[in-house]
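Chemist: model this:
(2 chains)
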Protein chains: 2
Amino acid sequence: MKERQTVGEIGEFGLIERFAARLGTPPEGETWTGDDAAVLRSPGSTLLYTTDLLIEGIDFDMRYASGADIGWKALAVNVSDIAAMGGRPRHAVVGLGLKADCPLDSADGILDGLLAAASRWGVQLVGGDISSASALVLYVALIGVAEAKPIRRSGARPGDAICVTGVLGGAAGGLALLRGGAVVEESARRRLVARQLRPEARLEEGRRLAALGATAMIDVSDGLVADLIHLLDASDLGCDVAPEAVPVDPGLIPLRDVLDPVEAALTGGEDFELLFTLAEDTVHRARASLAELGTPITRIGATREGSRRLLGDEALGAAGEVGWDHLRTR
Amino acid sequence: MKERQTVGEIGEFGLIERFAARLGTPPEGETWTGDDAAVLRSPGSTLLYTTDLLIEGIDFDMRYASGADIGWKALAVNVSDIAAMGGRPRHAVVGLGLKADCPLDSADGILDGLLAAASRWGVQLVGGDISSASALVLYVALIGVAEAKPIRRSGARPGDAICVTGVLGGAAGGLALLRGGAVVEESARRRLVARQLRPEARLEEGRRLAALGATAMIDVSDGLVADLIHLLDASDLGCDVAPEAVPVDPGLIPLRDVLDPVEAALTGGEDFELLFTLAEDTVHRARASLAELGTPITRIGATREGSRRLLGDEALGAAGEVGWDHLRTR
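Modeler: Numbers count the residues shown, from 1 in each chain, chains lettered A, B, ... in the order given. You can find the predicted model right below:
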């Protein structure tokens, strides 16, 4: 007898694609699935809408992460989605599944982290739901507003520069440190661990890049290569990207015995930097504008018609073969 | 050594109150926590925003509920929250935590149920998130619009009639049947089980009641008594309510060996009828208007200054002592 196919066999992205195909066609001017946030028309404004679900043991490990870390990250990853559309986050609801024997101060800690992140990015927490659960469940659903045209993943044009903010691989390095097996100097450790546990959303950077005419944008949550593929697939373009141009977090160098810094930068995920395309002649203006915020940008290559080339090889495969998939079992 | 206090000791409502107190003060014209949905000002419109989290083993039991049942209910309970504000639901995001060995057709079933409910109430599913989980987790976050002034829980005036749509206790009866121990005629069984697994949101009823001038409204999710207390607390009023006036689902009569029909109607929960207050001289108009939809309304009592009286006793205690609490352990 044929075994029933499982969701683990098609994976998170396969399931999302399968579901997305059934949601129907958005009206003119709206985007539903397939981007960092949905774009919705509302009387008087264009709304952005996104959600992320974090589950204990999958998305975080309570041996390493405090309640406040988890609360912070749950909001930050949603703000990052709004940032990647060039928007401004506004109102969030929060859902929390807790074990009944969860200490009250741990629950308070989760709210501490949520409120700290909300204050950091001007978000208002306006409600939520609480249930009992056998493992900690935390989600945020965040409404934002687009003050200009939202920056989609699909807007890149052939010959655009491909750039990324900040440095990459730090979150993966922080996770490696939390899991043990490497010794680094304390301040370096703290910085990498913070990249894993207390990610920053590039909110003001996203808005400035939108104003400067970025043609496509995505946040680096699944890993640079995976997210680059998402952007290129949406834009129906290829690329030339030189891995040696990718900005590797310098804090990874002392960790090279436990993790390959370049591989971490290419596939590590959860850095929440912005990956974007824009006209080549605008790169210098973008660099100058983001330098005012203390955020470097690096040009890592260019889009082009046709196939993807990483280091001259056809090294960038189909989406789903690289990067983080929450469900995939094979 | 003093043991750390747990969330189970203060319960769902205690924790919600504790958290709500830290969220800050909404700007003029907004409501955050403490009602069926948050009321938010957005350029050009007033938004309603609500979310509900369902967790396997707590909020549903997969021995009784199919994926499609669970998907339907997850959306219906959110639509009911928007209905209780007199609003119209518009855009939902959905989060799904699945075991990796979950059969693909079960996951498809959840989407079937979500889409059926979305179609039923004119909701657009615009995105979501999927993660791996050790037990099924499903949430919906729903944005609605208020086409007129949202009906709060807090607007009841002394001397208003207290009314409820439909009949109560059916969802509790359906649960008792699913759990076994009673035999009833098949069509009666199907109807009660549907009240538990496939609840209807009283959406058009809510909008008509808002237009007719309902002063306060709440959906009956925790049980009539618990939700009446929520409404009265918000309005700072007492009541005279005659339990014999409460409309008991007639389908419960054959179940009286396994559950007290009046108790089920008073405390059963999950019927998702609307409990509302309005001026006494408007009751007949409300009754006529909802009769066009096939929905009866029943006047169960009246609000008044001072204490709560159920059957002449001070029988309605503090909120939290009756009704369903997802977390409370004692």
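Chemist: Helices along chain A, start to end?
Modeler: Per DSSP state H, chain A carries helices over the ranges A:7-20, A:67-83, A:104-121, A:170-178, A:186-197, A:203-211, A:224-235, A:261-267, A:283-291.
Chemist: Point me to the residue of the stretch 101-250 of chain A nearest chain B.
Modeler: Taking Cβ to the nearest Cβ as the measure, the point where the stretch 101-250 of chain A comes nearest chain B is A:Ala141, at 3.3 Å. Placement of C-beta: from N, CA and C, glycine included.
Chemist: again, but for chain A
Modeler: Here chain A gets closest to chain B at one residue, A:Gly44, 1.5 Å apart by Cβ to the nearest Cβ.
Chemist: what's the neighbour count on the closest residue to that residue other than its chain neighbours?
Modeler: Distances taken as Cβ to Cβ, 6 or more residues apart in numbering or on different chains place B:Gly44 nearest to A:Gly44, at 1.5 Å, with adjacent residues excluded. When neighbours are defined as other Cβ atoms under 10 Å in any protein chain shown, B:Gly44 has 9 of them.
Chemist: What of A:Ala234?
Modeler: If you count neighbours by other Cβ under 10 Å, A:Ala234 ends up with 18.
Chemist: thought it was touching A:Asp35?
Modeler: Yes. When contacts are counted by Cβ atoms under 8 Å, A:Ala234 is listed as touching A:Asp35 (7.4 Å).
Chemist: For the two, list the residues in contact with both.
Modeler: Between them, A:Ala234 and A:Asp35 have A:Arg152, A:Arg153, A:Ser154 as joint contacts when contacts are counted by Cβ atoms under 8 Å, 6 or more residues apart in numbering or on different chains.
Chemist: Report the contact partners of the first one.
Modeler: In this case it means A:Arg152. Shown in contact with A:Arg152 (Cβ under 8 Å, 6+ apart): A:Thr31, A:Asp35, A:Val39, A:Met85, A:Ala216, A:Met217, A:Ala234.
Chemist: From what I see, the residue of the stretch 101-250 of chain A closest to chain B and A:Arg90 are in contact.
Modeler: No. At 11.9 Å, A:Ala141 and A:Arg90 do not qualify as touching, with contact defined as Cβ under 8 Å.
Chemist: who has more neighbours, those two?
Modeler: Neighbour tally, A:Ala141 and A:Arg90, criterion other Cβ under 10 Å: the higher count belongs to A:Ala141, 31 against 20.
Chemist: tell me the most buried of the helices of chain A?
Modeler: helix A:67-83 (a mean of 26; mean count of other Cβ atoms under 10 Å in any protein chain shown).
Chemist: and that helix, anywhere near chain B?
Modeler: No. Using Cβ under 8 Å from any Cβ of the partner chain, helix A:67-83 stays clear of chain B, with a minimum separation of 9.6 Å.
Chemist: who does that helix touch, helix- and strand-wise?
Modeler: Under the contact definition 3 or more Cβ pairs under 8 Å, 6 or more residues apart in numbering or on different chains; DSSP states H and E, helix A:67-83 sits against strand A:45-55, strand A:88-98, helix A:104-121, strand A:137-145, helix A:186-197, helix A:203-211, strand A:216-219.
Chemist: got the CA positions of that helix in CSV?
Modeler: Output for helix A:67-83, consisting of C-alpha atoms alone and laid out as CSV, is shown next (Å, rounded to 0.1, in the frame of the first residue of the first chain):
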residue,chain,number,x,y,z
GLY,A,67,12.2,34.8,27.6
ALA,A,68,13.3,38.4,26.9
ASP,A,69,15.5,37.2,24.0
ILE,A,70,12.6,35.2,22.5
GLY,A,71,10.2,38.1,22.9
TRP,A,72,12.6,40.5,21.2
LYS,A,73,13.4,38.2,18.3
ALA,A,74,9.7,37.4,17.7
LEU,A,75,9.0,41.1,17.1
ALA,A,76,12.3,41.9,15.4
VAL,A,77,11.8,39.3,12.6
ASN,A,78,8.4,40.7,11.8
VAL,A,79,9.8,44.3,11.8
SER,A,80,12.5,43.1,9.5
ASP,A,81,9.8,41.9,7.0
ILE,A,82,8.2,45.3,7.0
ALA,A,83,11.7,46.9,6.7
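Chemist: Report the angle between that helix and helix A:186-197.
Modeler: Per axes from the mean of the first three to the mean of the last three Cα atoms, to 10 degrees, the angle that helix A:67-83 makes with helix A:186-197 is 60 degrees.
Chemist: what is the mean pLDDT for helix A:67-83?
Modeler: The average of the pLDDT scores along helix A:67-83 is 98.
Chemist: and if you look at stretch A:146-156?
Modeler: 95.
Chemist: Name the residues of it that come out as buried.
Modeler: Applying a neighbour-count criterion of 16 or more other Cβ atoms under 10 Å in any protein chain shown, the buried positions in stretch A:146-156 are A:Ala146, A:Pro150, A:Ile151, A:Arg152, A:Arg153, A:Ser154, A:Gly155, A:Ala156.
Chemist: need the residues you listed in a markdown table with distance to B:Gly269, can you?
Modeler: Formatted as a markdown table, the buried residues of stretch A:146-156 follow (distance: Cβ to Cβ, whole Å):
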| residue | distance to B:Gly269 |
| --- | --- |
| A:Ala146 | 40 |
| A:Pro150 | 41 |
| A:Ile151 | 45 |
| A:Arg152 | 43 |
| A:Arg153 | 43 |
| A:Ser154 | 45 |
| A:Gly155 | 48 |
| A:Ala156 | 51 |
